[in-house]
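Peer 1: What would the 3D arrangement of this be:
(one chain, ligands or ions: 1)
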Amino acid sequence: MATSLPTLLKILADPTRLRLLGLLAREELAVGELARAVAMSQSRVSNHLKVLREARLLDERREGAHVLVQLARGAALPDDLWAAIESRLAAVEGRADDLTRLEAVLDERRKKSRAFFDRVAPEWDAVGSAFEHGSARWRALACLVAPGLVVADVGCGTGYMARALVRVVERVIAIDHSAAMLARAKENLAGHAAQVEFRQGELDRLPLADGEVDAIFASLVLHHVPDLFAALRDMRRALKPGGRLVVTDLLPHKEAWMGEAMADLKLGLDATELKSRAEKAGFVDVAVDRLDDAYVVEAPGGRRAALPLFLIHARVPQNAANDAARGLPASLRTNPDRP
Ligand SMILES: C[S@@+](CC[C@H](N)C(=O)[O-])C[C@H]1O[C@@H](n2cnc3c(N)ncnc32)[C@H](O)[C@@H]1O
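Peer 2: Okay, the predicted model is just below:
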């Protein structure tokens, strides 16, 4: 049964109880911490807590050896009544000192946490890497991504990129010219069947409608492509106005064996040259980053080669007027009627 208003007001008329409630509204505290914050004996604090508990003004939970207490809002203590009290707490005698001592109590918690992590830091990566997070980190990243995105992973191979993308976007269209690679990608993405569509096709004749996708990822595929400009132009065609292109690939290198062993048409790509081709194909805001990561491959004879990587990201202009202003040929202009 809810505490009657006269009883409630009588309970709240005690300044110590008001001070305790004021602290518990700030943070959940153990009884010992609360006693230190109000500079009173634990037994005196416990007596007051008993009264507050009986009036259902507290929530309690056990954590190991400690009982943690916090203010219970809702039925017993209506929000509007608490708001009126809270706005006047500063005038309660002892409140300022309580807050200073509370800070010291919380500081002890901080010190304890800091000391723990200082101690375990050297082993943390080894210990922490065994902890599973499911898709929690991906879901966190997904909050930065606009909802409802449809993206294409072109030259998807066995679906490395698509497996990452599928966790953060609405739908992925995975495209490759090799039926066997697509079949493996399908197996690897079996758990996401509703979100991924597989299409077979060439990069310079993408099996995508005009303006079908919001973004295109081309990871480690452009060095396989015979006609780069045609591929860039077709990606531009398949992107919506404002759509994004993201390319990662190898910078020029000297591992000639990769031509034969990995069917690489080019030993890496000149990123500056690719940027200017992307601009000619109608992309804007084209940016090149050299990555710190390397693509590590095993050369014949067991030798390992670490090849430098770059990343290019670019954007399709938002509207046709922009395109015209940039002097793009009509064939490359954004269709203003496109949704
Ligand atoms: C090195 S794998 C990269 C796979 C994946 N994107 C990744 O990051 O791991 C290159 C893939 O691109 C595909 N590919 C190469 N040239 C292509 C083209 N012209 N059109 C479509 N796919 C192509 C290959 O079949 C292969 O699956």
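
Peer 1: hang on, I312 is in a strand, isn't it?
Peer 2: Yes. Judged by DSSP: H, G, I helix; E, B strand; the rest coil, I312 forms part of a strand.

Peer 1: Quick check: which ranges of the protein have low pLDDT?
Peer 2: Within the chain, the segments meeting pLDDT under 70 span 1, 130, 132-133, 320-339.

Peer 1: how about the longest helix seen in it: buried residues?
Peer 2: Ranked by residue count, the top helix of the chain under DSSP state H comes out as helix 95-128. Going by neighbour count (16 or more other Cβ atoms under 10 Å), the buried part of helix 95-128 is 95, 98-99, 101-102, 105. Just so you know, the C-beta spots here come from the backbone N, C-alpha and C atoms, and that holds for glycine as well.

Peer 1: Now the element after it, going C-ward?
Peer 2: For helix 95-128, the following helix or strand on the C-terminal side (DSSP states H and E) is helix 136-142.

Peer 1: can you list contacts of that next one?
Peer 2: 164, 167-169 (Cβ atoms under 8 Å, 6 or more residues apart in numbering).

Peer 1: most surrounded residue in those residues?
Peer 2: Counting neighbours by other Cβ atoms under 10 Å, V169 leads the contacts of helix 136-142 with 20 neighbours.

Peer 1: Enumerate the residues of the stretch 151-300 of the chain near the ligand.
Peer 2: Proximity of the stretch 151-300 of the chain to the ligand, by Cβ under 6 Å from any ligand atom, involves residues 155-157, 160-161, 176-178, 181, 202-203, 219-221, 224-225.

Peer 1: Kindly recompute the last result at 5 Å.
Peer 2: The stretch 151-300 of the chain has residues 155, 157, 160, 176-178, 181, 202-203, 219-221, 224-225 near the ligand, with proximity defined as Cβ under 5 Å from any ligand atom.

Peer 1: all strands for the stretch 101-250 of the chain, in order.
Peer 2: 150-154, 171-176, 196-200, 213-219, 239-250 (DSSP state E, counting those that start in this stretch).

Peer 1: possible to save the ones you listed as TSV with mean neighbour count and distance to S43?
Peer 2: Shown next, in TSV, are those (neighbours: other Cβ atoms under 10 Å; distance: least, Cβ to Cβ, whole Å):
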stretch	mean neighbour count	distance to S43
strand 150-154	26	63
strand 171-176	25	63
strand 196-200	17	64
strand 213-219	23	64
strand 239-250	21	64
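
Peer 1: Return the residues in contact with the closest residue to I173 other than its chain neighbours.
Peer 2: Distances taken as Cβ to Cβ, 6 or more residues apart in numbering place A152 nearest to I173, at 4.5 Å, with adjacent residues excluded. Shown in contact with A152 (Cβ under 8 Å, 6+ apart): 172-175, 206, 208, 212-213, 215-217, 238.

Peer 1: Same question for K266.
Peer 2: H223.

Peer 1: Next, give phi and psi for it.
Peer 2: phi -130, psi 140 (degrees, to the nearest 10).

Peer 1: How about N47?
Peer 2: Residue torsions, per degrees, to the nearest 10, at N47 are phi -60, psi -40.

Peer 1: What separation is there between it and the ligand?
Peer 2: Going from N47 to the ligand by Cβ to the nearest ligand atom, to the nearest Å gives 67 Å.

Peer 1: Ramachandran angles for whatever residue of the stretch 151-300 of the chain ends up closest to the ligand?
Peer 2: Relative to the ligand, the nearest point of the stretch 151-300 of the chain is G157 (2.5 Å; Cβ to the nearest ligand atom). G157 adopts backbone torsions of phi 60, psi -130, taken as degrees, to the nearest 10.

Peer 1: For the remainder of this discussion, apply numbering that starts at 26.
Peer 2: Let's use 26 as the start, then, which means that last one is G182.

Peer 1: That one against A205, yeah?
Peer 2: No. In this structure G182 lies outside contact range of A205 using Cβ atoms under 8 Å: 10.4 Å.

Peer 1: Roughly how far does the residue nearest the centre of the chain sit from F156?
Peer 2: What sits nearest the mean C-alpha location of the chain, by Cα atoms, centre = their mean, is L166, with 1.3 Å. Distance check for L166 against F156: by Cβ to Cβ, to the nearest Å, it reads 18 Å.

Peer 1: Equivalent analysis for L174, please.
Peer 2: Counting by Cβ to Cβ, the gap from L174 to F156 is 29 Å.
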